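> coordinates for the following, if possible.
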Amino acid sequence: MKIIVPMAGRGSRLRPHSLTVPKPLIPVAGQPIVHRLVTDIARILNEPIEEVAFILGDPAFFGPDVAQELIQLAEGLGAKGRIYRQLEPKGTGHAIMCAEPSLSGPAVVAYADTLIRATFALDKEADSVIWTKKVDHPEAYGVVKRNHEGHITELVEKPEQFVSDEAVIGIYYFKDIGQLKEELQKVMDQGIMHQGEYQINDGIKALMAQGKIFKSSTVDQWMDCGNKEITLKTNTQMLGFLQEDGAPLRAPDIELSNAEIIEPCFIASGAVIKDATVGPFVSVGPRTVIENSTISHSIVQGDSHISNAHLSEAMIGNHVVFDGSFTRISLGDYSRLE
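Numbering: from 1, shown residues only. Coordinates of the predicted model:
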């Protein structure tokens, strides 16, 4: 089994946090988004992972340190890590084809801007399984349409009339991803584009037209990380799930002095919290210092120093110095004080 992870986008909706760190590597509940996604998919597959292929963008942004981190992620699952590049933003189908040497055998394709919670057993005998989530407003999503046998026969984008309440979440299993590769190659050869992009859906629709059996598996939770507000909501949800699971949320070497921690919170190695109240639903990165502050429902990344602050629904990056009693400020592009 292989896992194919397209993640070449720059994450513009999550600026300024994605200006220096690729969005899939921004931590949520103490772990980068793509780490959680790949690990959860591997758990659901419940079989050895042969390879994890990551499709990155421009090396000037997705540099060698990023590539090495992802290779180590794959190796931690007992798999080979491979790095490919999508140097032009030509769509989801084009991104997959950038990993052409890896497109053989059974594989899962997963776009790296989402997190899931799922307990289903994947039907690996189907030609393909599209992962879905039941939603309250299907008109806002791409959804699946089924026949009387329960097989998926069509993908419908933002239907004006009710088709189903199963939204496509951007994760797909293929019993032989080489079949998708063949159809996507035809799509590209024929120049079939939508708003200047080659889309995975055109390859999937071609396979459906051939009579391939498409089924769906429905996840319990689908959490997006598209912008700051949604990412903070996902951080809150994930911390709650980790608390329910009994997962360790505090590193053993943190320093607490006259500090109140309102669970659930993730506190990373080397963090120092003095004369402060932190939580609920806060993630604190490694070696960050928080003092004389109150912080809730927030993400504070690593090597930052927060003092004299009263923050809620805040997202703070790495190497930030923030004094709530500031008289002088230095803010970069896309920064916001609200």
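> got the contact list for the closest residue to Tyr111 other than its chain neighbours?
Spatial nearest neighbour of Tyr111, chain neighbours left out: Gly170 (4.0 Å); criterion: Cβ to Cβ, 6 or more residues apart in numbering. For glycine as for every other residue, the C-beta is placed from the backbone atoms N, C-alpha and C. By Cβ atoms under 8 Å, 6 or more residues apart in numbering, Gly170 lies in contact with 110-111, 113-114, 131.
> phi, psi of Gly170?
Main-chain dihedrals, Gly170, degrees, to the nearest 10: phi 90, psi 20.
> could you pull out the buried residues of the lengthiest helix in the chain?
Secondary structure of the chain per DSSP state H: the longest helix is helix 228-245. Across helix 228-245, burial judged by 16 or more other Cβ atoms under 10 Å covers 228, 231-239, 241-243.
> cool, and stretch 254-268?
254, 259, 261, 264-268.
> any chance of a markdown table for these, columns distance to Pro159, secondary structure and pLDDT?
Listed next are the buried residues of stretch 254-268 as a markdown table, based on distance: Cβ to Cβ, whole Å; DSSP: H, G, I helix; E, B strand; the rest coil; pLDDT from 0 to 100:
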| residue | distance to Pro159 | secondary structure | pLDDT |
| --- | --- | --- | --- |
| Ile254 | 49 | coil | 97 |
| Ala259 | 51 | strand | 97 |
| Ile261 | 46 | strand | 97 |
| Pro264 | 37 | coil | 97 |
| Cys265 | 41 | strand | 97 |
| Phe266 | 39 | strand | 97 |
| Ile267 | 44 | strand | 98 |
| Ala268 | 43 | coil | 97 |
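> how about those residues in a markdown table, adding distance to Val21?
Converted to a markdown table, those look like this (distance: Cβ to Cβ, whole Å):
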| residue | distance to Val21 |
| --- | --- |
| Ile254 | 23 |
| Ala259 | 27 |
| Ile261 | 26 |
| Pro264 | 24 |
| Cys265 | 21 |
| Phe266 | 17 |
| Ile267 | 20 |
| Ala268 | 15 |
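> now, which of these sits nearest Gly302?
Ala268 (6.9 Å; Cβ to Cβ).
> from what I see, that closest one and Leu249 are in contact.
No: taking contacts as Cβ atoms under 8 Å, Ala268 lies outside contact range of Leu249: 9.7 Å.
> what do these two both touch?
Gly30.
> show me where the protein dips below the pLDDT cut-off.
Within the chain, the segments meeting pLDDT under 70 span 10-14, 18-20, 338.
> what strands line up against the helix or strand hosting Ser217, and which way round?
Taking DSSP states H and E as the criterion, Ser217 maps to strand 214-218. Sheet pairing of strand 214-218 (DSSP bridges) gives strand 128-134 (parallel).
> now for the helix or strand just after the partner strand, which elements pack on it?
Counting by DSSP H and E, the next helix or strand C-terminal to strand 128-134 is strand 142-146. Applying 3 or more Cβ pairs under 8 Å, 6 or more residues apart in numbering; DSSP states H and E, one finds that strand 142-146 contacts strand 128-134, strand 152-157, strand 166-174.
> for the first one, buried residues please.
Neighbour counts using 16+ other Cβ under 10 Å place 128-133 of strand 128-134 among the buried residues.
> that strand: how far from the chain's middle?
16 Å (Cα atoms, centre = their mean, to the nearest Å).
> ok, back up a step: as TSV, the contacts of Gly170 with secondary structure would be great.
Output for these, formatted as TSV (DSSP: H, G, I helix; E, B strand; the rest coil):
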residue	secondary structure
Ala110	strand
Tyr111	coil
Asp113	coil
Thr114	strand
Trp131	strand
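> who wins for neighbours among those?
Trp131 (27 neighbours; other Cβ atoms under 10 Å).
> hang on, it packs against Phe214?
No: judged on Cβ under 8 Å, Trp131 makes no contact with Phe214 at a distance of 11.6 Å.
> next, the contact list for the residue lying closest to Cys225 once chain neighbours are set aside, please.
Distances taken as Cβ to Cβ, 6+ apart put Thr231 closest to Cys225, at 4.7 Å, once the chain neighbours are dropped. By Cβ under 8 Å, 6+ apart, the contact set of Thr231 is 14, 26, 28, 225, 299, 315.
> one more: Glu313?
Here Glu313 is in contact with 229, 232, 297-298 (criterion: Cβ under 8 Å, 6+ apart).
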